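Enquirer: pasting the sequence and the predicted coordinates here, then a few questions.
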Amino acid sequence: MKYEDGQYYDGKIIGIRHKKLGERETQALEFALEMSDGRQDSVMKFLSPNALPYTKERLVDLGCQPSDLTGPDWLRKINAKLEGVDVRCKAKANDKGVRLEDLYLPKTGGVVIEGAASPFDAVADDNIPPHAW
């Protein structure tokens, strides 16, 4: 599957790894994902001082408690909470192409209703009070 910039794609978290990237050994969490088409991909959330608050916020949004993010077994606790969680990933273009950049919980609530009778048909004009202005 080829990703399109700005589009969202559905997947499931299958694991999270703590990594060091590049010559600077930038720390990151790699979220391994199984996408809805069965392919595997990943999203990196960085742990640099500037990115850390956003990564923490995302982990909490996905279902972790702040206490899950501390202590010697923090990575095990994160994996236990998030493995199997359905996510929606946003694709973004960069100098290396279009990749998945961020992940969110899928929006819930509300169902599209098609072909239903108009709810406004039941309201007679004589039931509508005159404008007060």
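Expert: Perfect, thanks for sending it. Residues are numbered from 1 along each chain as shown.

Enquirer: any idea how many residues pack against K92?
Expert: Burial measure for K92: 14 neighbouring residues, criterion other Cβ atoms under 10 Å. For every residue, glycine as well, the C-beta is placed using N, CA and C.

Enquirer: whoops, I78 was the one
Expert: The number of residues near I78, taken as other Cβ under 10 Å, comes to 22.

Enquirer: now do G71
Expert: A total of 9 residues lie near G71 under the criterion other Cβ under 10 Å.

Enquirer: and if you look at the one 10 residues further on?
Expert: Here the count is done by other Cβ under 10 Å, and K81 has 18 residues near it.

Enquirer: return the backbone torsion pair for the nearest residue to L21 once chain neighbours are set aside.
Expert: Leaving aside its chain neighbours, L21 sits nearest to A28 (5.7 Å; criterion: Cβ to Cβ, 6 or more residues apart in numbering). Backbone torsions of A28, given as degrees, to the nearest 10, read phi -150, psi 160.
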